[in-house]
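Visitor: Structure of the sequence below:
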Amino acid sequence: MRGLRFGASIASALALLAAIAIPSAASTTASSRYTINCRESPLCLEVANPAEAFGSTKYVGHDEPSTLFYSDRAGSGNSSTYRVTLPKDPPPVKTNTFNFQLHPAFWFGMALCNTQSYPEQVSTCTPDSDTNIANNPNPSAPDFMGRHAGTAFLELQFYPPGWAPLPAGDSCDASHWCVATVIWSLAEDPINGTLLNTSCTNFIGGSVEYPNFAFLTHNGVAQAPANIIDATSATFTPDLSKDLLMNSGDQLVVDIHDTAQGLSMTVKDVSSGVSGAMTASIANGFGMVQYVTDPATTCNNIPYAFHPMYSTSSEATRVIWAAHSYNVAFSDEIGHFDYCTGVSQGGYCYGNEGSPNDVEKTDGDDFGCFNSSQSTLVKVAGCIGTNTGFDGVPYQPVWPDGSANHPTSILFGSPLTNGKNYSRVAFEADLPRIEAADFGGACNRVTGAGCTRIPVTDEGAPANFYPFFSTQQANGSCTWALGNDNPGVTTHDFGKNDQYGPLLFLNFLQFGGGGAIRTITDDFRGVLSSNPCPAAGGEGGGH
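Guide: Predicted coordinates for the structure are as follows:
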């Protein structure tokens with residue numbers, strides 16, 4: 001049996017499935033306060049070293065195939081605009097495949113400042129500045145990574161129609177997409193080997209990786225405080241009268257840029273004419289958790305306006321605690337659905353798992369399960385825990401390929417930065433991180449031995465499928481797609497899974513090592529020398 005062990009202390013098994021919200025251990029009533037526990041939620045940012053942050057048990061991995069966009073133009077690290085077409089689902093027949101089964105969310109990202117986040121060594125962060133680049137392993141160097149400014153990461157997350165409304169499920173309602181600003185921070189000091197104090201960690205949800213969260217609303221005003229200290233159930237529960245709801249197939253313009261009040265995110269639905277917005281501002285209740293270690297019990301929110309960390313976007317503009325190497329990026333969150341024939345009251349699968357052509361006894365990665373009565377889009381039962389066996393629906397050839405039984409692809413154009421194209425593109429998959437021994441796999445992150453671009457299932461065979469990026473023409477311009485080749489539509493697939501390139505070895509701070517460095521691989525990364533799919537209407541790439 002492959003996979004992590006998950007204890008029975010989860011406050012609600014259904015809530016485990018969600019991007020959002022389990023009741024806080026410190027809350028007085030489950031209905032008044034919710035939070036996100038990144039040990040268990042399938043939609044947190046993948047950290048490089050979960051055992052340091054979360055301990056050796058109860059942690060889900062995050063499979064995140066991504067595209068990264070590079071430019072040395074000033075502003076490319078803090079201003080990006082995308083054109084997006086939301087995918088469509090096939091007819092609601094349970095033998096078909098649906099977006100919520102392939103990905104509980106997709107998102108657009110950007111590195112941000114947070115002076116109370118990892119590595120907890122510097123009290124300032126100059127927004128929108130490449131002076132924050134600090135990747136040098138030499139402690140005597142001025143750009144030593146141990147003196148990196150505290151870093152957070154934006155995920156502008158889009159949620160498909162799914163199996164139940166948030167916060168218990170992963171959608172806003174049965175027929176619409178919605179979108180939220182989620183900013184991840186990590187309350188960990190790797191130099192001294194300390195974490196946020198236990199009392200505060202328990203209050204914010206049970207893990208030291210924590211979010212600020214706010215749905216995009218029509219008027220740009222947050223429903224409730226976005227910071228994790230003051231957040232309530234209203235923070236995480238969609239208000240269908242206030243929030244931006246989008247139809248499958250709608251065409252969007254997604255704009256992310258810095259302002260004096262904080263990072264601004266706007267989504268304009270060109271198809272419907274409605275818009276949603278959110279600014280990561282103090283007025284909207286964004287903030288940092290004050291970093292205080294045990295034995296103190298301090299748990300304070302510091303009101304904070306989040307701003308981008310870097311001026312440009314390149315291989316050097318990292319979030320040094322994340323498994324991925326990215327700054328400006330698109331990512332799809334996959335690997336979180338498998339069928340189940342019987343669901344226990346506690347949210348575990350007690351029957352069989354697997355697609356109709358691959359049914360087998362349940363195993364250790366079948367948790368966070370729901371029955372067919374909770375499925376709002378189509379009446380199926382399944383589990384949305386992390387599929388560490390790599391045999392669930394996202395690892396089958398049921399991705400967009402032109403079949404009427406499969407959804408259409410997420411389509412997104414390369415971003416423009418202040419009207420100009422990014423000059424280079426990279427493909428990145430964090431497969432070494434989730435194929436590693438601590439997740440039950442055979443990948444040696446120190447040597448790279450046993451790491452594969454198509455993951456190995458719990459039966460020892462390569463997964464049936466792993467999605468890849470391709471290009472196609474849509475609405476008169478080049479656009480990116482994720483999934484399988486679509487005959488007659490795909491224009492370039494960049495070698496399919498070979499596009500993810502060679503193993504990427506990066507330096508990370510050793511926990512409690514006083515500044516010691518270890519070099520490991522968490523990703524495959526393939527960097528292109530140009531941008532083969534520039535956005536229409538933009539000037540040429542960077543210098």
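Visitor: Every contact and neighbour count from this point should use C-alpha atoms.
Guide: OK.
Visitor: which stretches of the protein have low pLDDT?
Guide: 1-33, 56-60, 163-170, 541-543 (pLDDT under 70).
Visitor: mind listing the helices for it?
Guide: In the chain, the helices defined using DSSP state H lie at 13-17, 50-54, 99-102, 198-203, 233-236, 431-434.
Visitor: how about those helices in CSV, adding mean neighbour count and distance to residue 395?
Guide: Shown next, in CSV, are those (neighbours: other CA atoms under 10 Å; distance: least, CA to CA, whole Å):
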stretch, mean neighbour count, distance to residue 395
helix 13-17, 26, 18
helix 50-54, 19, 23
helix 99-102, 23, 9
helix 198-203, 20, 34
helix 233-236, 22, 29
helix 431-434, 28, 13
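Visitor: Dump those helices into a markdown table; add distance to residue 187 as well.
Guide: Formatted as a markdown table, the helices of the chain follow (distance: least, CA to CA, whole Å):
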| stretch | distance to residue 187 |
| --- | --- |
| helix 13-17 | 21 |
| helix 50-54 | 8 |
| helix 99-102 | 31 |
| helix 198-203 | 9 |
| helix 233-236 | 21 |
| helix 431-434 | 21 |
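Visitor: Quick check: which of the ones you listed is nearest to residue 37?
Guide: helix 13-17 (8.4 Å; CA to CA).
Visitor: Count the neighbours of the residue nearest to residue 76 when sequence neighbours are not counted for me.
Guide: Excluding the flanking residues, the one nearest residue 76 by CA to CA, 6 or more residues apart in numbering is residue 312, at 4.7 Å. Look at residue 312: counted by other CA atoms under 10 Å, it has 23 neighbours.
Visitor: Please name the residues that touch residue 312.
Guide: Residue 312 is in contact with 70-78, 129-130, counting by CA atoms under 8 Å, 6 or more residues apart in numbering.
Visitor: so which of the helices of the chain comes closest to residue 158?
Guide: Nearest to residue 158, of the helices of the chain and by CA to CA, is helix 99-102 at 11.1 Å.
Visitor: Return the distance of the closest one from the chain's centre.
Guide: Using CA atoms, centre = their mean, to the nearest Å, the mean C-alpha position of helix 99-102 is found 15 Å from that of the whole chain.
Visitor: one step back: which one of the contacts of residue 312 has the most neighbours?
Guide: Highest count within the contacts of residue 312 by other CA under 10 Å belongs to residue 77, 30 neighbours.
Visitor: So that one sits against residue 128, correct?
Guide: Yes: Residue 77 is within contact range of residue 128, at 7.2 Å (criterion: CA atoms under 8 Å).
Visitor: residues shared between the contacts of these two?
Guide: Counting by CA under 8 Å, 6+ apart, the residues touching both residue 77 and residue 128 are 308-311.
Visitor: Dump those into a markdown table; add neighbour count as well.
Guide: A markdown table is the format used below for these (neighbours: other CA atoms under 10 Å):
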| residue | neighbour count |
| --- | --- |
| 308 | 30 |
| 309 | 31 |
| 310 | 30 |
| 311 | 23 |
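Visitor: With distance to residue 43 as added columns, please give those in CSV.
Guide: Formatted as CSV, those follow (distance: CA to CA, whole Å):
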residue, distance to residue 43
308, 21
309, 22
310, 24
311, 27
